[in-house]
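**Q** coordinates only, no sequence provided:
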């Protein structure tokens, strides 16, 4: 059986296409009965999907790009400016931490792209993965900031890190709560 719109191969008896979301009309040309599953796109007509579209087309890509940049800066040492070698000599543990966190940031960037694909495909577990990313952001930020404070042990640098950590944690918490509410209302759309 092929999708009537995009031609993708479907399971026999499928009522909608998981690739393009098109409703598959019955043999007589009528719509499937209302108790059958209807595509997420048709259901979305009654639920605004602007945030969803912003997430899958802009926000997650920008997040991934930012994480890639930060990851490469940490791996190369350029996150600490031109004097990174002097900083590493002064705080040798910081170089190891930077390399580890740079690798973590690269993994988190890949995770953003993975979750984006899951959301775009209306995968059942996609909203949970997205929420998990925000929780992971907070945990990783806390670990990085506390590890840096333990290595550096200087109040000025630590105060900057604490401020950054608080802002990042608050931002992630806001995104978590907003997405939790948003996707809870649209849970029925994520069925693939």
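**A** Thanks, I have it. Note that the structure is a prediction, hence the values are computed from the model and not measured. Numbers count the residues shown, from 1 in each chain.
**Q** next up, the contacts around the residue lying closest to residue 9 once chain neighbours are set aside.
**A** Distances taken as C-beta to C-beta, 6 or more residues apart in numbering place residue 2 nearest to residue 9, at 6.0 Å, with adjacent residues excluded. Just so you know, the C-beta spots here come from the backbone N, C-alpha and C atoms, and that holds for glycine as well. The contact partners of residue 2, by C-beta atoms under 8 Å, 6 or more residues apart in numbering, come to 8, 9, 10.
**Q** can we see that at 10 Å?
**A** 8, 9, 10, 17, 24 (C-beta atoms under 10 Å, 6 or more residues apart in numbering).
**Q** and the lengthiest helix in the chain, what other elements does it pack with?
**A** Scanning the chain for the helix with the most residues, using DSSP state H, yields helix 155-185. Here helix 155-185 touches helix 50-54, helix 126-152, going by 3 or more C-beta pairs under 10 Å, 6 or more residues apart in numbering; DSSP states H and E.
**Q** what would those look like in a markdown table with distance to residue 63 and mean pLDDT?
**A** What follows is these, written out as a markdown table (distance: least, C-beta to C-beta, whole Å; pLDDT from 0 to 100):
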| stretch | distance to residue 63 | mean pLDDT |
| --- | --- | --- |
| helix 50-54 | 12 | 87 |
| helix 126-152 | 8 | 89 |
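**Q** separate out the buried members of the contacts of residue 2.
**A** The neighbour count (16 or more other C-beta atoms under 10 Å) marks 10, 17, 24 as buried among those.
**Q** go through those and name the one nearest residue 107.
**A** residue 17 (32.3 Å; C-beta to C-beta).
**Q** what confidence value was assigned to the residue nearest to the closest one when sequence neighbours are not counted?
**A** Nearest residue to residue 17 in three dimensions, chain neighbours excluded: residue 3, at 4.0 Å (C-beta to C-beta, 6+ apart). Looking at residue 3, its pLDDT reads 81.
**Q** same deal with residue 106?
**A** For residue 106, pLDDT reads 97.
**Q** give me the number of residues near the nearest residue to it once chain neighbours are set aside?
**A** Of all residues not flanking residue 106 in the chain, residue 71 sits nearest, at 4.2 Å (C-beta to C-beta, 6+ apart). By other C-beta atoms under 10 Å, the residues close to residue 71 number 20.
**Q** so which elements touch the helix or strand hosting residue 71?
**A** In the assignment (DSSP states H and E), residue 71 maps to helix 60-76. Packing partners of helix 60-76 (3+ C-beta pairs under 10 Å, 6+ apart): helix 92-120, helix 126-152.
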